[in-house]
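In: Fold the following and give me the result.
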Amino acid sequence: MTSTELTFAVGFAYMESEQTENFCWVLEKLKELFVKKDMCPQVILTDRDLALMKAIEVVFPNSINLLCRFHINKNVGAKCKQHVVNDLQKTIDTLWMEVVWASDEVEYGQRLHQLEQACVDYSGFINYVKDTWLTPHRHRFVGAWINRVLHLGNTTTNRVESAHWKLKQMLGNSIGDMVKCWEAMNNNLRLQLGNIRASFQKSFYEVEHTHVSPFYGYLRGSVSRAALRRIAEELLRVDYVGTNRQICGCTLRTSYGLPCACELGRYRVGGIPIPIDAVHVHWRKLTMEVELEIGEDDGSEVDMTAAMDELWRRFRSLDVIGKRALRSRVCELAYPTMTTLCPPPEKIKTKGGVKKKGKKPADYDVYRDPSYHEYVDKASQSSQRQSQPSQTSKKIKLSKKQPQFIVQFPNHIRSYIEDVVNVESDGNCGFRVIASLHGYGEDGWSMVRRELGLELIDKDRSTLYDKLFSNRLSAMRESLMIESFGSQPPEKWMSLPDMGYLIANRYNVVLVCLGNPCITFFPMTSSHSPNVSIYCIGFVNQNHWVQVNMKEGFPLPPVTLDWKKFRSHIATTWMLGFAGRMQHWQLLTPVLA
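Out: Take a look at the predicted model:
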């Protein structure tokens, strides 16, 4: 895996059979490929292939051999269906996942005891779990142990299988000769190399808005953007963790080689940027060139004398404007903690066209003639609404005057609420809130209804929704279809949790509902993304939805049991990515009781 989290292949092997001696031959050939002879892989991730595991012990005795969590969970789930009655399968599956994700050995013992108590009548299943997986191999896949291993986020072999699938797509079939196979492998490597080099260039020259702060000054352009995203996400935990190592757990440091929350807290308290040495060398590798051994570098390949002379010649030949531009770019390299990049002082209003020529809306930076679709929209509205100002600006002005809504949310979350934005109460309020959050504007509620209807019949997720909604599927389709654009009856209102799953999946966002109960909805078919948008909505007055604007890093309520049951395996990473914020919610909730 590259520092930009892309996959690359280093070799392909044909084996006569899958015996230990065959695997030893392959691993020996792999060992010969390493440039530095004393270097060996720190972590090797495999399935539970005993012959391969034995070969790894022989050829790479100092490497840590982890096992694929995905295949282990699949095997345990299949065995559970054989031994456990249907009513308990969901509960036992949840308990098993808690054992696998246990963060330390104490928690592991507690979770295992709970699993044993639940399986007291199913000795065949619990004996299989303990004898086949936990007793001999728990240190290879349980979080309490692998969180101490620098696996860089790789806990399944899905990355390898995906790369293998791409190669098989190029091979086409299994009847080609060696020349055809070599050409397919070569083309595969060339494509990988092109994508990797492009990702390196992005890390060199593109700066994401989140990383503009001087806090990242030493890292910008020197470490991958993937590493910066993980650090930015970990920084959200600092307000909760502070500098306490016990609360932090330091998983990001031990598993990824990146500064964890308590480290970031110390840097923030000291007012110093994150030092480059705090980032593992893996994330600083932004080139495919081979690093030279100590003593081999004669200085010719890293000498900058000619380049600096050329830079001075170019500088002297430019006019004043050119000199300023060039000086600015050089200063960004010379003084990495100083940057001219900064967010605008306030959000510029760009919506709201000129209603009549010669009249410019107050406080608007951009004005224009309305588009055709805006004329059509105006024609369908009443004359009273035509004379009103922009709904968005109106809602923002009035939202601060809605304390009656805030008091309806749990006490422990109110301090994290910045604002509550009301919308029109016409039976479309829930869809209005989602439309506003997604950038369609409040009046884009009909588009949200349509897109959720398309999501419900998406062929790629039809199996998921058949299982998730069962006999409610037709009723949900009916609730999304309307006959007019006016007020809607109760059966057409947005209801949770069912609509929550559709919204999170359709827009690939995290949806948070503050109400009774408070729920978080993660996407069910995608993996965790550090830059994901979080939409927060509130249910008030027992019949109305409002938009809730939250402070950054606010605690997240728990997910539903159906999400845990029906989500895909890769979606489990959402729980891991937001574990700190969900634990924060759990810590705050007893205070409320």
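In: how would you label F539: helix, strand or coil?
Out: Three-state call for F539 (DSSP: H, G, I helix; E, B strand; the rest coil): strand.
In: The stretch 351-500 of the chain: strands as residue ranges?
Out: 417-421 (DSSP state E, counting those that start in this stretch).
In: Show me the shaky parts of it.
Out: 351-403 (pLDDT under 70).
In: Equivalent analysis for the chain, please.
Out: 37, 290-302, 335-403, 590-593.
In: Dead centre of this structure: give me the residue that sits there.
Out: Centroid-nearest residue in the chain, with C-alpha atoms, centre = their mean: S529, separated by 1.5 Å.
In: any idea how far R506 is from that one?
Out: Look at S529 and R506: by C-beta to C-beta, to the nearest Å, they are 15 Å apart. No exception for glycine: its C-beta is placed from N, CA and C like everyone else's.
In: which residues touch the residue nearest to the centre of the chain?
Out: Going by C-beta atoms under 8 Å, 6 or more residues apart in numbering, S529 touches N508.
In: do you know how far it is from C80?
Out: Distance from S529 to C80, by C-beta to C-beta: 30 Å.
In: excluding its backbone neighbours, what's nearest F522?
Out: W574 (3.8 Å; C-beta to C-beta, 6 or more residues apart in numbering).
In: which SS class is the one you found?
Out: Classified using three-state DSSP, W574 is helix.
In: what sits against it?
Out: W574 neighbours (C-beta under 8 Å, 6+ apart): V510, F522, P523, S527, H528.
In: what's the most distant pair in those?
Out: With C-beta to C-beta as the measure, no two of those lie farther apart than V510 and S527, at 13.0 Å.
In: For these two, work out which one has more neighbours and name it.
Out: The neighbour count for V510 versus S527, taken as other C-beta atoms under 10 Å, is higher for V510 (22 against 14).
In: so what's that one up against?
Out: Applying C-beta under 8 Å, 6+ apart, the residues contacting V510 are A504, T520, F521, F522, P523, V532, S533, I534, Y535, L556, W574, F578.
In: One more pass at 7 Å, please.
Out: A504, T520, F522, V532, I534 (C-beta atoms under 7 Å, 6 or more residues apart in numbering).
In: again with N62
Out: C40.
In: and if you look at T91?
Out: Applying C-beta under 7 Å, 6+ apart, the residues near T91 are A118.
In: For the one helix or strand it maps to, list every residue counted as buried.
Out: Using DSSP states H and E, T91 maps to helix 86-100. Neighbour counts over helix 86-100 (16 or more other C-beta atoms under 10 Å) mark I92, D93, L95, W96, M97, E98, V99, V100 as buried.
In: Over to the residue nearest to the third one when sequence neighbours are not counted. Which of the three states is it?
Out: Using C-beta to C-beta, 6+ apart and skipping the chain neighbours, the partner closest in space to L95 is L115 (4.5 Å). In the three-state summary, L115 is assigned as helix, counting by three-state DSSP.
In: can you tell me how far L115 sits from L264?
Out: 35 Å.
In: neighbour count winner among the two?
Out: Just comparing L115 and L264: by other C-beta under 10 Å the higher neighbour count belongs to L264, 25 against 21.
In: Is that one in contact with V238, as I believe?
Out: Yes: here L264 lies in contact with V238, judged by C-beta atoms under 7 Å, at a distance of 5.3 Å.
In: Number of residues surrounding E552?
Out: 10.
In: Kindly report the same for the one 10 residues further on.
Out: One way to gauge burial is a neighbour count; for D562, by other C-beta under 10 Å, it gives 16.
In: mind exporting the helix or strand hosting it as PDB, just the C-alpha atoms?
Out: With secondary structure defined by DSSP H and E, D562 is part of helix 561-566. What follows is helix 561-566, C-alpha atoms only, in PDB (Å, rounded to 0.1, in the frame of the first residue of the first chain):
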ATOM      1  CA  LEU A 561     -29.600  -2.600  15.500                       C
ATOM      2  CA  ASP A 562     -30.900  -3.100  11.900                       C
ATOM      3  CA  TRP A 563     -27.900  -1.000  10.700                       C
ATOM      4  CA  LYS A 564     -25.500  -3.400  12.500                       C
ATOM      5  CA  LYS A 565     -27.400  -6.400  11.100                       C
ATOM      6  CA  PHE A 566     -27.800  -5.500   7.400                       C
END
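In: Packing partners of that helix?
Out: Helices and strands touching helix 561-566, by 3 or more C-beta pairs under 7 Å, 6 or more residues apart in numbering; DSSP states H and E, are helix 462-469.
In: CA-only coordinates of stretch 157-170 in CSV, if you can.
Out: The C-alpha coordinates for stretch 157-170 follow below in CSV (Å, rounded to 0.1, in the frame of the first residue of the first chain):
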residue,chain,number,x,y,z
THR,A,157,-7.4,-9.1,2.5
ASN,A,158,-10.1,-7.2,0.5
ARG,A,159,-7.4,-4.9,-0.9
VAL,A,160,-5.5,-8.0,-2.3
GLU,A,161,-8.6,-9.6,-3.7
SER,A,162,-9.6,-6.3,-5.4
ALA,A,163,-6.2,-6.1,-7.0
HIS,A,164,-6.5,-9.8,-8.1
TRP,A,165,-9.9,-9.2,-9.6
LYS,A,166,-8.5,-6.3,-11.7
LEU,A,167,-5.8,-8.5,-13.0
LYS,A,168,-8.2,-11.3,-13.9
GLN,A,169,-10.3,-8.7,-15.8
MET,A,170,-7.2,-8.0,-17.9
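In: Just the buried residues of that stretch, please?
Out: Here stretch 157-170 shows T157, N158, V160, L167 as buried, counting by 16+ other C-beta under 10 Å.
In: distance of the residue lying closest to G577 once chain neighbours are set aside from T573?
Out: Computed as C-beta to C-beta, 6+ apart, the closest residue to G577 that is not its neighbour in sequence is H528, at 3.8 Å. From H528 over to T573 the distance is 4 Å, taken as C-beta to C-beta.
In: contacting residues for the nearest residue to Q408 once chain neighbours are set aside?
Out: Once flanking residues are discounted, Q408 sits nearest to V540: 4.9 Å by C-beta to C-beta, 6+ apart. Shown in contact with V540 (C-beta under 7 Å, 6+ apart): F405, Q408, V546.
In: who touches the first one in this structure?
Out: By that I understand F405. So F405 contacts V420, G538, V540, V546 (C-beta under 7 Å, 6+ apart).
In: Correct me if wrong: the first one contacts V546.
Out: Yes: at 5.5 Å, V420 counts as touching V546 under the criterion of C-beta under 7 Å.
In: Identify the contacts common to the two.
Out: Going by C-beta under 7 Å, 6+ apart, residues that sit against V420 and also against V546 are F405, G538.
In: Filter the contacts of V510 down to the ones in helices?
Out: A504 (DSSP state H).
In: Could I have the buried ones of the contacts of V510 as PyMOL selection syntax?
Out: Filtering the contacts of V510 down to the buried ones (16+ other C-beta under 10 Å) takes a single PyMOL command:
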select buried, resi 504+520+522+532+534
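In: Now for the contacts of V510: which two are most distant?
Out: Farthest pair in the contacts of V510, by C-beta to C-beta: T520 and V532, 12.0 Å.
In: Any figure for the gap between M15 and L480?
Out: Computed with C-beta to C-beta, the distance linking M15 and L480 is 53 Å.
In: neighbour-wise, which of the two wins?
Out: Neighbours were counted for M15 and for L480 using other C-beta under 10 Å; L480 has more, 20 against 10.
In: residues near the residue nearest to that one when sequence neighbours are not counted, how many?
Out: Once flanking residues are discounted, L480 sits nearest to G453: 4.4 Å by C-beta to C-beta, 6+ apart. Look at G453: counted by other C-beta under 10 Å, it has 16 neighbours.
In: G453: what's it in contact with?
Out: Here G453 is in contact with R477, L480, M481 (C-beta under 7 Å, 6+ apart).
In: ok, it to H151 distance?
Out: 41 Å.
In: okay, now the spatially closest residue to T560 that is not a sequence neighbour: neighbour count?
Out: Using C-beta to C-beta, 6+ apart and skipping residues adjacent in sequence, the residue nearest T560 is P497, 5.4 Å away. P497: 17 surrounding residues under other C-beta under 10 Å.
In: Many thanks, I have nothing further to ask.
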